[in-house]
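Chemist: Need a 3D model of the sequence below.
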Amino acid sequence: MNRIRTALRTARNDDGMSLIEVVVALMVFAIISLGVGYSTLTIVKMTDDTRARQVASNLATSEIDIARALKDPFDIVNGERTVKVGSETFTITRSTSWVETSGADVGCGTGTGTLQAKRVNVTVTWAGMLSTTQPVRSDTLISPDNRINDPSLGTIRISVLGADGSGSPGVTVTITPTSGQAALSTQPDPTDSDGCSFALKVLPGSYKVAISRAGSIDDAQNTAPFKSVTVVAGGSVAAPFTYDYAATFNLVYASGTPKLPDNLQMSYVNTYGVYLDTGRKTQIALHPFSSGYTPIAGKYIAPIDATPGVAAKPGCVSVDPGAWKSATVNNVLLADGARPDPVATSPGGTVGMNVPMGVLTVAISGTTTLTAESATAPASASDPGCSVAMSYSFGSVTGNQTIALPYGSWTLYTTTLGIKTAVPTTKVGLVGSLLGAILGTGNVFTLDPRTAK
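Modeler: Residues are numbered from 1 along each chain as shown. Below you'll find the predicted structure:
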């Protein structure tokens with residue numbers, strides 16, 4: 001009987017595993033399964049990547065063969081295209097450069113040596129590349145069938161880049177001798193997709209290289225820019241340009257419909273400097289810098305700080321709203337002034353541009369000619385100042401007149417029967433939120449862009 005009880009007790013102890021033992025077993029199984037799954041996935045990805053790399057290698061070789069088939073290195077340009085093989089998309093990028101006799105790689109707008117061959121670099125990438133995988137690369141040198149250079153002649157290399165730094169194609173190039181030598185027998189071809197054009201076997205001497213394309217403008221705001229170059233025997237010279245389709249800005253001056261000066265000057269400020277335009281316009285075409293332009297009514301001249309050998313220059317900054325600093329004027333605490341935000345548009349695009357100005361009314365007796373001349377501001381105005389005299393004409397006016405002027409300090413004059421008379425500030429009234437004007441006795445008033453804090 002005791003033996004039976006012992007056997008039954010032993011059987012109950014071996015009935016199965018506890019819940020904790022089951023959980024631990026499942027965790028161990030999950031870890032092992034996860035490792036196996038990750039390893040399997042990695043192997044599959046590596047296999048796909050290896051297969052894609054083999055396809056990319058074939059595509060790179062094929063692209064080199066395409067370049068070689070062109071034979072003429074001048075026909076080989078930069079480019080990018082996509083090819084779909086199976087379910088994978090491959091990107092083929094071709095970049096080119098010229099190789100000089102020194103072995104240096106140069107573009108069409110750099111270098112002074114003799115051109116010998118063209119280097120072609122091909123890079124192939126694909127959408128499913130692993131992070132550790134390098135693109136497939138291949139390169140070659142392609143030499144022309146005919147000699148590019150003549151030891152007694154030279155080469156002119158023209159480079160035309162757009163506002164974004166890429167090649168600007170379809171630009172007409174005209175080369176004219178300026179030192180008495182014979183004209184070129186044929187003009188260079190228009191720029192290719194890389195923005196390059198070449199004049200080969202040119203007689204030594206000085207030349208004017210001009211470019212043109214309808215609706216285009218360079219970074220100095222010239223629609224038909226040119227450069228002067230000198231060709232030497234056995235060498236080459238570069239003529240680089242930055243030239244793109246113009247951006248058009250529709251100008252809206254001040255607020256309301258005030259009378260504007262007929263000879264209003266406009267300053268367009270960007271990260272590359274200031275472009276001053278004269279004569280009132282409702283629309284202007286400018287180089288399409290991606291950073292855009294800040295419009296400032298008047299002749300803005302940035303101040304120059306003193307440096308060794310260079311004296312400081314105050315410039316003309318009162319026309320710039322951003323140059324006015326916080327101050328108390330007419331018992332009103334004024335905040336810092338602020339420039340309008342830059343305005344930009346794409347090459348060939350059109351956009352509106354608001355031009356802030358001071359607006360005022362002037363009481364005129366009869367019919368007269370009205371002009372405004374910049375003046376020295378009262379000290380209490382805290383005008384940042386302008387060291388350049390400005391004079392603007394409003395033509396013939398009659399009775400009360402609302403006009404607009406750049407910010408700063410001014411005196412108005414009327415001219416009747418040849419007699420020029422200053423308009424006292426008692427006949428001047430402000431329009432809008434110009435809180436800092438100095439009004440009262442005298443003839444000088446200040447148009448202040450600041451607002452109350």
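
Chemist: Okay, now the sheet partners of whatever helix or strand Lys201 lives in, with direction.
Modeler: Taking DSSP states H and E as the definition, Lys201 sits inside strand 196-202. With DSSP bridges as the test, strand 196-202 is paired with strand 154-161 (antiparallel).

Chemist: Check which helices and strands the longest helix along the chain sits against.
Modeler: Secondary structure of the chain read by DSSP state H shows that its longest helix is helix 19-70. Applying 3 or more C-beta pairs under 8 Å, 6 or more residues apart in numbering; DSSP states H and E, one finds that helix 19-70 contacts strand 79-85, strand 88-100, strand 115-126, strand 136-142. The C-beta positions use only the backbone N, C-alpha and C, and glycine is treated the same way.

Chemist: Just want the angle from the longest one to strand 154-161.
Modeler: With axes from the mean of the first three to the mean of the last three C-alpha atoms, to 10 degrees as the basis, strand 88-100 and strand 154-161 are set at 140 degrees to each other.

Chemist: could you point out which element follows strand 88-100?
Modeler: strand 105-106.

Chemist: Check which helices and strands that following strand is in contact with.
Modeler: Using 3+ C-beta pairs under 8 Å, 6+ apart, strand 105-106 sits against strand 88-100.

Chemist: pLDDT averaged over the strand it packs on - what is it?
Modeler: Regarding strand 88-100, the rounded mean pLDDT is 92.

Chemist: tell me the angle of that strand relative to strand 136-142?
Modeler: 30 degrees.

Chemist: follow-up on the earlier one: rebuild the helices and strands packed on helix 19-70 as a markdown table, extending it with distance to Ala220.
Modeler: Converted to a markdown table, these look like this (distance: least, C-beta to C-beta, whole Å):
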| stretch | distance to Ala220 |
| --- | --- |
| strand 79-85 | 30 |
| strand 88-100 | 27 |
| strand 115-126 | 28 |
| strand 136-142 | 36 |
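
Chemist: got the ones you listed as TSV, with distance to Val237 and mean neighbour count columns?
Modeler: Converted to TSV, the helices and strands packed on helix 19-70 look like this (distance: least, C-beta to C-beta, whole Å; neighbours: other C-beta atoms under 10 Å):
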stretch	distance to Val237	mean neighbour count
strand 79-85	27	12
strand 88-100	13	19
strand 115-126	12	20
strand 136-142	23	16
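
Chemist: which one of those strands lies closest to Gly337?
Modeler: strand 79-85 (46.5 Å; C-beta to C-beta).

Chemist: Pairing partners for that closest one, with directions?
Modeler: strand 88-100 (antiparallel).

Chemist: what sits up against the strand it pairs with?
Modeler: 52, 55-56, 59-60, 63, 67, 73, 76-84, 105-108, 111, 113-128, 141, 194 (C-beta atoms under 8 Å, 6 or more residues apart in numbering).

Chemist: Repeat that for stretch 335-345.
Modeler: Everything outside stretch 335-345 that qualifies as a contact, by C-beta under 8 Å, 6+ apart, is 247-249, 269-270, 288-296, 320-326, 351-356, 448-453.

Chemist: What residues of it count as buried?
Modeler: Gly337, Pro342, Val343, Ala344, Thr345 (16 or more other C-beta atoms under 10 Å).

Chemist: on that earlier part again, residues contacting the strand holding Lys201, please?
Modeler: 74, 77, 107-109, 148-150, 153-160, 167, 171, 173, 175, 184, 187-191, 231.

Chemist: what pairs with the helix or strand that it is followed by, and is each one parallel or antiparallel?
Modeler: Moving toward the C-terminus from strand 196-202, the next helix or strand (DSSP H and E) is strand 205-212. Take DSSP bridges as the rule and strand 205-212 pairs in its sheet with strand 172-177 (antiparallel), strand 226-231 (antiparallel).

Chemist: for these, which one sits closest to Gly399?
Modeler: Comparing those by C-beta to C-beta, strand 226-231 comes nearest, at 50.6 Å.

Chemist: tell me the mean pLDDT over the closest one?
Modeler: 95.

Chemist: Also stretch 287-305?
Modeler: Rounded mean pLDDT across stretch 287-305 is 93.

Chemist: Can you give me the end-to-end span of it?
Modeler: For stretch 287-305, the first-to-last residue distance is 28 Å (C-alpha to C-alpha, to the nearest Å).

Chemist: What residues sit buried inside that stretch?
Modeler: 287-289, 292-301.

Chemist: quick one: pLDDT of Tyr38?
Modeler: 67.

Chemist: meant to ask about Pro261, not that
Modeler: pLDDT at Pro261 comes out at 95.

Chemist: shouldn't it be in contact with Trp410?
Modeler: No. Applying C-beta atoms under 8 Å as the test, Pro261 and Trp410 come out as separate, 11.0 Å apart.

Chemist: So these two - more neighbours on which side?
Modeler: Trp410 (27 against 23; other C-beta atoms under 10 Å).

Chemist: how about the more buried one, secondary structure?
Modeler: strand (DSSP: H, G, I helix; E, B strand; the rest coil).
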